[in-house]
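Q: Let's see this in three dimensions:
(2 chains)
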Amino acid sequence: MREEPPESVLLERARAGDDRALEVLCERHREQVWRIAASVARGADAEDLAQEVILKAYRSLTGYRGAAPFGAWLCRIAVNAAHDQVRSAWRRRVLLFGDLGARREEQTQDGPEHGVTERETQRQVRQAVARLPERQRVPIWLHYFEGYSLAEVARLERLPEATVRSRVRAGLRTLSRVLSGAAVETGEAVPKMVPQQKGCQA
Amino acid sequence: MMHSGNGHGEPDLQDVERLLVKAAAFEPDEPTPEWLVVTALQRRRQRDAAGLRGSRLLLGFSTGLAALSFWLGQPIAQPSLPGVGPAAPTASPAATVAGGPAAGSSGPTREIPVAAPPPVAVPQTPAPALVPRAARLAGETDVPPPRAVWRTELAEPAAGGWREPALLVERNEQLGGWVVTEGVLEASAGRDACAPVEDVVLVEPTEAVASGSGIGREQSEGPGGEAGRPVGQKDQE
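A: Okay, here's the model as predicted:
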């Protein structure tokens, strides 16, 4: 079996128009993309969103200079696409049909109610992050969900670390307000902070 | 998972951080589709092909307009797609069509017998038939077609901001029909964003197949107001 070339070589080829190279690159980060997509959407919507991320990456490839790791760059695209997904009014309305069935199915398949609730809470928190303004959304997602340090995020975003720190802080404040509220734009109730605190401390 | 230490003395922020740490452990309940990347790139190729066809049609239309303009000895505003043909004029085309001096202009404006263009740039290409396209996708990729079988794939966003009427068509087995959602796809700074929805309607399968071009006609009327609504369909909300 032939060994795949390193990422830098693949990137160079992909930028030169080699579809196969881009395919290999995206394939390497497929699970990461899927994890982001599936955390803000379900079923066919998640598939659609993940595909959109690949398409956006393809379209934006000429603008990618390789300053950030490809995975982080792709993740940024995915997070922004997730934002569009959760902000999109049309998806929200169409989900009115598909969502009900999906939720019923999930509840019957997952068994213990706790597991379902926990995953649902995780999903809602991620959706709340995805709704943040870009300047807060990207650093928070990269830092808390993708494991990049604030210094790394600062390098990726080409910003001073203090700026990133301040944006993260502002994002946390926004999240605090949003998650404490009874509802967000989708009209779905988001768990209040108090019950969630119990879960976190357990 | 690391903590940023952003919540000094602010219990609310610490709570939020705890929630974030918890949410970081999210694992999808569905396995990662193995065909994800391949299918996405196939969609891109299909999109490129559709975009090329649309561009050619528009280029032909623009050339025709240019010829007419030359014949009349009067410059006429030409529609443009990002990356195709000349840039669209900034002046309102409606003012020119209505006759009389346009606002802010000097001298009389000659009335030109052309139809007023839609309020936003719409590629004048026929809408693809929905079901056949879904079938093609299924046949080519050997996987179930995406639920959204057609979503404004007639044009690609360019660097500048522009708005595009869009229809999202989804098959809903539970309802036994197609769900058509109309909205506006807004591309700015290289990123797509879907902005306000006009309506969600249910289209019976037979109607969706029979009136694929009808949906295209509705689309060309623009996204705003009643003109943007697919006619004769039942609102879901």
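
Q: Quick check: residue A:174 vs residue A:40, distance?
A: 17 Å (CB to CB, to the nearest Å). C-beta here means a position set from N, CA and C on the backbone, and glycine is covered the same way.

Q: And those two? Which one has more around it.
A: Set residue A:174 next to residue A:40 and count neighbours by other CB atoms under 10 Å in any protein chain shown: residue A:40 wins out with 25 against 19.

Q: The more buried one: what's it in contact with?
A: A:46, A:49, A:82, A:85-86, A:123, A:126-127, A:130 (CB atoms under 8 Å, 6 or more residues apart in numbering or on different chains).

Q: if you set the cut-off to 10 Å instead, what comes out?
A: A:46, A:49, A:78-79, A:81-83, A:85-86, A:91, A:123-124, A:126-131 (CB atoms under 10 Å, 6 or more residues apart in numbering or on different chains).

Q: need the contact list for the residue nearest to residue A:7 when sequence neighbours are not counted.
A: Closest residue to residue A:7 apart from its sequence neighbours, by CB to CB, 6 or more residues apart in numbering or on different chains: residue A:70 at 5.8 Å. Contacts for residue A:70 were tallied using CB under 10 Å, 6+ apart; they are A:7-8, A:10-11, A:14, A:25-26, A:28-29, A:57, A:61, A:64.

Q: Can you list the low-confidence ranges for chain A?
A: Of all residues in chain A, those with pLDDT under 70 make up the ranges A:1-2, A:88-115, A:181-202.

Q: Now do the strands in it.
A: Here chain A has no strands by DSSP state E.

Q: in it, which spans are helices?
A: Using DSSP state H, the helices found in chain A span residues A:7-15, A:19-28, A:30-40, A:43-60, A:70-87, A:89-110, A:113-131, A:134-140, A:150-157, A:161-180, A:193-201.

Q: who touches the second one?
A: The reference is to helix A:19-28. Counting by CB under 10 Å, 6+ apart, residues outside helix A:19-28 touching it are A:4-5, A:7, A:9-15, A:18, A:32-33, A:50, A:53-54, A:57-58, A:61, A:70-71, A:74, B:34, B:36-38, B:40-41, B:44-45.

Q: What of the first one?
A: Applying CB under 10 Å, 6+ apart, the external contacts of helix A:7-15 come out as A:4-5, A:18-26, A:28, A:57-58, A:61-66, A:69-71, A:73.

Q: re the thing from before, so for residue B:30, which of the helices of chain A sits nearest?
A: helix A:30-40 (6.1 Å; CB to CB).

Q: so who does residue A:153 touch?
A: A:68, A:72, A:138-143, A:146, A:159, A:161, A:164-165, A:167-168, B:4.

Q: for these, which one is nearest residue B:25?
A: Nearest to residue B:25 among the contacts of residue A:153, with distances taken as CB to CB, is residue A:146, at 12.7 Å.
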